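1. output the structure for:
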Amino acid sequence: MNTPSRLSLLLLAALSAGPNAHAFGRAQSLGPIQAESAVPKDQLGLLRQDFAWLGTLQDEPPTQEFREVLGLESAAPADLLSWLSSRVRYMVAEDFKPSLLNIRPYIFKKFEFPKTEMPDLEFPPEAENIPLIDPNSLPEGSPEGAEEPESGGKVVMANLGSALYLGGKMADMLLGIKLRGIGRIPVTSPRVGIIQIGEGLFDDGLFGKEIPNDSPIRRTFRMSTFFHEARHSDGNGKTLGFMHALCPRGHDYENTNACDRNINGPYSVGALMDEHIARACSECTEVERETIRLFGLESRSRIIPSRDGSAPNAWNAAPEGQFPPRK
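-> Numbering: from 1, shown residues only. Here you go, the predicted structure:
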């Protein structure tokens, strides 16, 4: 992904950014997920194939850790899709840029955020001197930070819904987001589930052209990334959005928001999906299984101690707010 953005400034950036071109058309579908009209059809087509591929996995019982972290007693495709679709409801294209054209507050609608507590946001030292109202200081890309491997500056995937909910909460105003071909959606919970996908999710630069886009390795990467981002739709108060932490000194991602201080966050979810697929993929070669297991180990390397030095623990995953919004 791109370099880490300052999530607490997303709202300011959204209200200050210039206009962006809009494409009009009908919404598209990825199972129960609605995609705005601008999402490239070839990307959606490949993701549909990925979901179908999940359905071909062997009926492998999930581990105890899988059951505890995802709250699922089964890893059957229908259960996995249900878990994902309750946290991912809408999809936007890489060219989506927050602006006054597509993000506006509901000025005349009374809305009370259910909790006053805010998550702890960790910024790298170089961010401390960035002017607070300078949207030009915000790099484009994921508001969550560099949570997946970078791909030449291309967006891989980002949870915009969680970031917008937090931005609205910080400003004490309910935000609405207008999606092309779908309409305006009130952001009443991180569970609004607005995910941005980009070329980085499909880019040959991550794996090389010798590994085709329909290989189990690349299908696993896309699916585990999807489940990782879905976890950002969870949490409340201090755990809202399961925000990433700064990786410690000596880490491969030192001083970037690419680690978790919990044992049930996005990197744990992604690792558990990798490990489950490695066990359940009947078509995988041993080399492919080992590569997928290495994905899981890499994600687990990003789980770090709490800020007081104690071992990471499980965060409260109950979502704040209510979505769909009450009538």
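2. the strands in this structure, which residues?
-> With strands called from DSSP state E, the chain shows them at 28-30, 33-35, 90-92, 103-105, 157-159, 175-179, 183-186, 194-197, 245-246, 257-259.
3. out of those, nearest to Gly167?
-> Nearest of those to Gly167, taken as C-beta to C-beta: strand 175-179 at 6.8 Å. Glycine gets a C-beta too; all of them are placed from N, C-alpha and C.
4. now that closest one: mean pLDDT?
-> The average pLDDT for strand 175-179 rounds to 95.
5. run me through the strand neighbours of that strand, direction for each.
-> Strands adjacent to strand 175-179 in the sheet, as given by DSSP bridges, are strand 103-105 (antiparallel), strand 183-186 (antiparallel).
6. follow-up on the earlier one: can you redo the strands of the chain as a markdown table with mean neighbour count?
-> As requested, those are arranged in a markdown table below (neighbours: other C-beta atoms under 10 Å):
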| stretch | mean neighbour count |
| --- | --- |
| strand 28-30 | 16 |
| strand 33-35 | 21 |
| strand 90-92 | 24 |
| strand 103-105 | 19 |
| strand 157-159 | 27 |
| strand 175-179 | 20 |
| strand 183-186 | 16 |
| strand 194-197 | 25 |
| strand 245-246 | 23 |
| strand 257-259 | 24 |
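7. what's the closest of the ones you listed to Pro216?
-> strand 157-159 (19.0 Å).
8. neighbouring strands for that closest one, and are they parallel or not?
-> When DSSP bridges is applied, strand 157-159 pairs with strand 194-197 (antiparallel).
9. circling back: quick one: closest of the strands of the chain to Glu117.
-> The nearest among those, by C-beta to C-beta, is strand 245-246 at 17.2 Å.
10. which residues touch that closest one?
-> The contact list for strand 245-246 (C-beta atoms under 8 Å, 6 or more residues apart in numbering) reads Glu122, Phe123, Pro124, Asn255, Thr256, Asn257, Cys259, Asp260, Arg261, Ile304, Arg307.
11. any idea how far the closest residue to the third one other than its chain neighbours is from Thr225?
-> Distance criterion C-beta to C-beta, 6 or more residues apart in numbering; nearest residue to Pro124, sequence neighbours excluded, is Asn255 at 4.8 Å. Distance, Asn255 to Thr225, using C-beta to C-beta, to the nearest Å: 22 Å.
12. residue ranges for the helices of the stretch 1-150 of the chain, please.
-> 10-16, 41-54, 64-70, 77-85 (DSSP state H, counting those that start in this stretch).
13. average model confidence for the longest one?
-> Spelled out, it's helix 41-54. 96.
14. quick one: contacts for Asn262?
-> Neighbours of Asn262 in contact, by C-beta under 8 Å, 6+ apart: Thr239, Phe242, Ser268, Ile303, Pro312, Asn313, Ala314, Trp315.
15. make it 7 Å
-> When contacts are counted by C-beta atoms under 7 Å, 6 or more residues apart in numbering, Asn262 touches Pro312, Asn313, Ala314, Trp315.
16. closest one of those residues to Met170?
-> Trp315 (19.6 Å).
17. need the contact list for the closest one.
-> Gly235, Thr239, Phe242, Asn262, Asn264, Gly265.
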